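Participant: Take a look and give me a structure for this.
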Amino acid sequence: MKGDRNTRFFHVMVWSRQSRNEIFSIIVDDVLFEEPNQIKIEVYEHFKKHFFEDWASRPTLGGSSKSV
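Facilitator: Alright, predicted model coming up:
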């Protein structure tokens with residue numbers, strides 16, 4: 001019986017945490033987005049813009065290497 005109460009408590013805590021972490025709307029450039037798919041797209045575009053890495057500017061290694 002004790003395990004059942006602990007499991008119920010755990011699930012209540014997880015559900016509570018998930019509901020606090022949920023994004024219901026987002027404002028981008030003074031435009032409100034409430035549709036879940038559009039929110040996903042806007043969040044993706046935000047992080048894509050901030051964490052994009054231009055592969056052309058990456059340093060290269062010089063010299064010779066030996067194959068093992």
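
Participant: What mean pLDDT does the longest helix seen in the chain get?
Facilitator: Counting residues, the longest helix found in the chain (DSSP state H) is helix 2-21. Model confidence over helix 2-21, given as mean pLDDT, is 78.

Participant: Give the other helices and strands that it contacts.
Facilitator: Helices and strands touching helix 2-21, as assessed by 3 or more CB pairs under 8 Å, 6 or more residues apart in numbering; DSSP states H and E, are absent. (C-beta placed from N, C-alpha, C; glycine too.)

Participant: That helix: how far from the chain's middle?
Facilitator: Centroid separation between helix 2-21 and its chain, computed with CA atoms, centre = their mean, to the nearest Å, is 23 Å.

Participant: what does it contact?
Facilitator: For helix 2-21, contacts defined as CB atoms under 8 Å, 6 or more residues apart in numbering pick out no residues.

Participant: Just the CA trace of it, in PDB.
Facilitator: Output of helix 2-21 as PDB, limited to C-alpha atoms (Å, rounded to 0.1, in the frame of the first residue of the first chain):
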ATOM      1  CA  LYS A   2       2.800   2.400   0.800                       C
ATOM      2  CA  GLY A   3       4.300   2.100  -2.700                       C
ATOM      3  CA  ASP A   4       0.900   3.000  -4.200                       C
ATOM      4  CA  ARG A   5       0.700   6.200  -2.300                       C
ATOM      5  CA  ASN A   6       4.300   7.100  -3.200                       C
ATOM      6  CA  THR A   7       3.600   6.400  -6.900                       C
ATOM      7  CA  ARG A   8       0.500   8.600  -6.800                       C
ATOM      8  CA  PHE A   9       2.500  11.400  -5.100                       C
ATOM      9  CA  PHE A  10       5.200  11.100  -7.700                       C
ATOM     10  CA  HIS A  11       2.700  11.400 -10.600                       C
ATOM     11  CA  VAL A  12       0.900  14.300  -9.000                       C
ATOM     12  CA  MET A  13       4.300  16.100  -8.700                       C
ATOM     13  CA  VAL A  14       5.300  15.300 -12.300                       C
ATOM     14  CA  TRP A  15       1.900  16.600 -13.600                       C
ATOM     15  CA  SER A  16       2.200  19.800 -11.600                       C
ATOM     16  CA  ARG A  17       5.700  20.400 -12.900                       C
ATOM     17  CA  GLN A  18       4.700  19.800 -16.500                       C
ATOM     18  CA  SER A  19       1.800  22.200 -16.300                       C
ATOM     19  CA  ARG A  20       4.100  24.900 -14.900                       C
ATOM     20  CA  ASN A  21       6.600  24.300 -17.800                       C
END
